[in-house]
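Peer 1: below is the sequence, then the predicted model.
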2 protein chains.
Amino acid sequence: MPSIHEVAHLANVSSATASRALSRPEMVAPATRERVLSAARQLGYQPNILARSLRQGETRTIGLIVADILNPFHGQLAKGVQDVADKHGYTVFLFNSDEESEKERRAIETLRGHLPQGLIIEPTRSTRDHLKTLSNLAVVELDRVSGNPKATTITVDNLAGAKAGTRHLIEQGHTRIGMIVGQLDISTAIERHRGFQDALQEAGLPYHPELVLPGHHREDDGYRVAKHLLSLPKATRPTALFVGNNEMTVGAVLAARELGLQIPDDLSIVGFDDSRWAQTMYPPLTVVAQPAYELGAVACEHLIGLLGRPQSGLPAHVQLSTELIIRQSTGPPAPA
Amino acid sequence: MPSIHEVAHLANVSSATASRALSRPEMVAPATRERVLSAARQLGYQPNILARSLRQGETRTIGLIVADILNPFHGQLAKGVQDVADKHGYTVFLFNSDEESEKERRAIETLRGHLPQGLIIEPTRSTRDHLKTLSNLAVVELDRVSGNPKATTITVDNLAGAKAGTRHLIEQGHTRIGMIVGQLDISTAIERHRGFQDALQEAGLPYHPELVLPGHHREDDGYRVAKHLLSLPKATRPTALFVGNNEMTVGAVLAARELGLQIPDDLSIVGFDDSRWAQTMYPPLTVVAQPAYELGAVACEHLIGLLGRPQSGLPAHVQLSTELIIRQSTGPPAPA
DNA sequence: ATGAAAGCGCTAACAG
DNA sequence: CTGTTAGCGCTTTCAT
């Protein structure tokens, strides 16, 4: 890799001038500028970002820590972030926490060494602690909130979403509705659970705690929990299921199939997050859809905004809305 | 961020000793080492990787350029790469080319400035040209090959996979089989097309060029092409479709549904790539599955191996195998 | 408008 | 075993 000295030498100027010609063209005589530019082109010169960042104390880099890049929802978040970062000339360091505290800790540590100017993170249980080590880095929390009151957060209105999904089931006539909820130490799970409860209450329906069970957001959890709920004696078994995230919904659908339950005749299902398979599965799934890509894009716009001004007042809390998409996995309960 | 000088000062040693205590503990007296370590802990010291990399000329960073992170197949590749990189203490710079030459060019350019020690790339049409600017960076081509004979490549046996998928359709009794093939300037598409042809030929079946149409790997392409093929007059319309990638298969399935064709009774479909929706859709899809995660993992292992030795002989060409998973989207053609 | 020189934070010679 | 010194490539004063 040629250095700026070689470019300077070839153009018969000092490295200072070469640097200026490249980054502040207006400070340099047109003729000189041309010579430098052509020398750079000729040598295939590419500035060494490490050196530049070291000198300027500015890396034009941001960190992104997502919970699980294989889950299409999180994948879309990541894409939204990347596209916007790219547009503004920032480079993204992407890490996966896989929902594990320890991985998150390591990701943050590695990231720190690379001196990102900002961090976008989907918090886990331990994020609050981990972020304490990050003196005064601009942080945007995405999708979930860690509880840190100083953080800017970009989320979806989970409460309203869950309420809408549950209400839809109630309107179909269901009274025994089960929920497979996420980990209750994560904000999204808490809010969706709350929305579920609120909808029941508004309708004057009782909340059956034994029909509400937690899972760790994975397909197997959905499968296991659904298997249990759907194997209850007919009288107590739920006629509808509201599932707290996309992966667990897959598990629930497979469990229902395995038990020979027809959807929606024997069981109605509403999932959270839309996805490719929700549209192609049979029957197409009714879901509470989230604007995943936009969520990521907005988070990144905000972060970059934050970088512009030093300490601009209060942290923002942006909340995007969800959309209930009614397909064919929901219908009235079978007559008793 | 505290620098190593502050740590050194607090521990009453020179910065050189502090550096050694941190990176080469055996070179330093145990007592000193302890003092330095504790000072570092106390200050929350984290080495500045930029400075270190600049000094050592070694960034312990690799670049990864995937075609489309939102496609789960590519997502799995990325995860495989990342997990392995992580295990070896490398950090990954992830970029998306979105199958666009121009984005790929920009990604490579940006990457260069960050001085990655190696690059893993899913080549596009123009990769060969773009890589010329990368003097002597270790490069591993993933999933596809660019045609550069000096590159190490990690691929799947697309020829055998496509052959197996096609043969399966032939065994079911199909004689008019259509194919939706990818862009024919990408190696995987070429090989799958060839495998398709070979299977026909081995079975003594004619190749109908009018039943083989290209798409750009997206859902809409699959939809559009399938719509066309399936709208042909009954006598000439294919009774089975072999589709060259996962996204296009979605489109083909939706097109079939829209035309009221029952799968597999009116139409058999074999897709390339397994996925979540292939398993949950109705009916579950017969596919040629690829070990995506492993592909990424192997690529990264290879790259890191390459970094160990300087110029180790010939480039490797690893080929993993595919697996035909027979589900329920394939069956005998309807009797005429 | 240009050049000389300093310094970002780190580590590798080289001395001692 | 430890300190001094130099330099990775870049940009930015400060002169001129």
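Peer 2: Now that the structure is in, tell me what you want to look at. Just so we're clear, the structure is a prediction, and the values are computed from it rather than from any experiment.
Peer 1: let me know the secondary structure of the residue of the stretch 101-250 of chain A found nearest DNA strand D.
Peer 2: Residue nearest to DNA strand D within the stretch 101-250 of chain A: A:L115 (13.1 Å; Cβ to the nearest atom of the strand). Any C-beta I mention is one placed from the backbone N, CA and C, and that applies to glycine too. Recorded secondary structure, A:L115: coil (DSSP: H, G, I helix; E, B strand; the rest coil).
Peer 1: please name the nearest non-neighbouring residue to it.
Peer 2: Of all residues not flanking A:L115 in the chain, A:T59 sits nearest, at 5.1 Å (Cβ to Cβ, 6 or more residues apart in numbering or on different chains).
Peer 1: and the helices in the stretch 101-250 of chain A, which stretches?
Peer 2: For the stretch 101-250 of chain A, the helices defined by DSSP state H, counting those that start in this stretch cover A:101-113, A:127-131, A:158-171, A:187-202, A:219-230, A:246-258.
Peer 1: between those, which has the poorest average model confidence?
Peer 2: Of all the helices of the stretch 101-250 of chain A, the minimum mean pLDDT falls on helix A:127-131 (a mean of 86).
Peer 1: tell me the contacts of A:S231?
Peer 2: Residues in contact with A:S231 (Cβ atoms under 8 Å, 6 or more residues apart in numbering or on different chains) are A:R237, A:L259.
Peer 1: quick one, domains of chain A?
Peer 2: Annotated domains of chain A cover A:4-47, A:61-156+A:292-320, A:158-291 [automatic domain parsing].
Peer 1: just the terminal-to-terminal distance for the shortest one.
Peer 2: This means domain A:4-47. End-to-end distance for domain A:4-47, by Cα to Cα, to the nearest Å: 7 Å.
Peer 1: A:L324: neighbour count?
Peer 2: 16 (other Cβ atoms under 10 Å in any protein chain shown).
Peer 1: so where does it fall, helix or strand?
Peer 2: Secondary structure assigned from DSSP states H and E places A:L324 in strand A:323-325.
Peer 1: and that strand, what does it pack onto?
Peer 2: Packing partners of strand A:323-325 (3 or more Cβ pairs under 8 Å, 6 or more residues apart in numbering or on different chains; DSSP states H and E): helix A:158-171, strand A:286-289.
Peer 1: what pairs with it, parallel or antiparallel?
Peer 2: In the sheet, strand A:323-325 lines up against strand A:286-289 (antiparallel) (DSSP bridges).
Peer 1: contacting residues around the helix or strand following the strand it pairs with?
Peer 2: Counting by DSSP H and E, the element after strand A:286-289 in chain order, helix or strand, is helix A:292-308. By Cβ under 8 Å, 6+ apart, the surrounding residues in contact with helix A:292-308 are A:62, A:72-74, A:76-85, A:88, A:90, A:117-120, A:138, A:140, A:142-143, A:152, A:154-156, A:273, A:312, A:316, A:318, A:320.
Peer 1: per-residue confidence averaged over stretch A:55-66?
Peer 2: For stretch A:55-66, the mean per-residue pLDDT is 95.
Peer 1: quick one, phi/psi of the residue in chain A that chain B sits nearest to?
Peer 2: Across chain A, the shortest distance to chain B (Cβ to the nearest Cβ) belongs to A:Y282, at 2.9 Å. Backbone geometry at A:Y282, expressed as degrees, to the nearest 10, gives phi -120, psi 130.
Peer 1: tell me which element A:G271 is part of?
Peer 2: Following DSSP H and E, one finds A:G271 within strand A:268-272.
Peer 1: how far is the helix or strand just after that strand from where the chain is centred?
Peer 2: Sequence order places helix A:276-280 as the next helix or strand after strand A:268-272, per DSSP H and E. Here helix A:276-280 shows a centroid-to-chain-centroid distance of 20 Å under the convention Cα atoms, centre = their mean, to the nearest Å.
Peer 1: ok, now stretch A:242-254?
Peer 2: Put simply, stretch A:242-254 sits 18 Å off its chain's centre (Cα atoms, centre = their mean).
Peer 1: can you show me the CA trace of it as PDB?
Peer 2: Extracted C-alpha coordinates of stretch A:242-254, given in PDB (Å, rounded to 0.1, in the frame of the first residue of the first chain):
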ATOM      1  CA  PHE A 242     -50.800 -15.200  21.000                       C
ATOM      2  CA  VAL A 243     -47.100 -15.700  20.500                       C
ATOM      3  CA  GLY A 244     -44.500 -13.200  21.500                       C
ATOM      4  CA  ASN A 245     -42.000 -13.400  18.600                       C
ATOM      5  CA  ASN A 246     -41.500 -14.900  15.200                       C
ATOM      6  CA  GLU A 247     -39.300 -17.900  15.900                       C
ATOM      7  CA  MET A 248     -41.500 -19.200  18.700                       C
ATOM      8  CA  THR A 249     -44.500 -18.900  16.500                       C
ATOM      9  CA  VAL A 250     -42.900 -21.400  14.100                       C
ATOM     10  CA  GLY A 251     -42.500 -23.800  17.000                       C
ATOM     11  CA  ALA A 252     -46.100 -23.300  18.000                       C
ATOM     12  CA  VAL A 253     -47.400 -24.000  14.500                       C
ATOM     13  CA  LEU A 254     -45.400 -27.100  14.200                       C
END
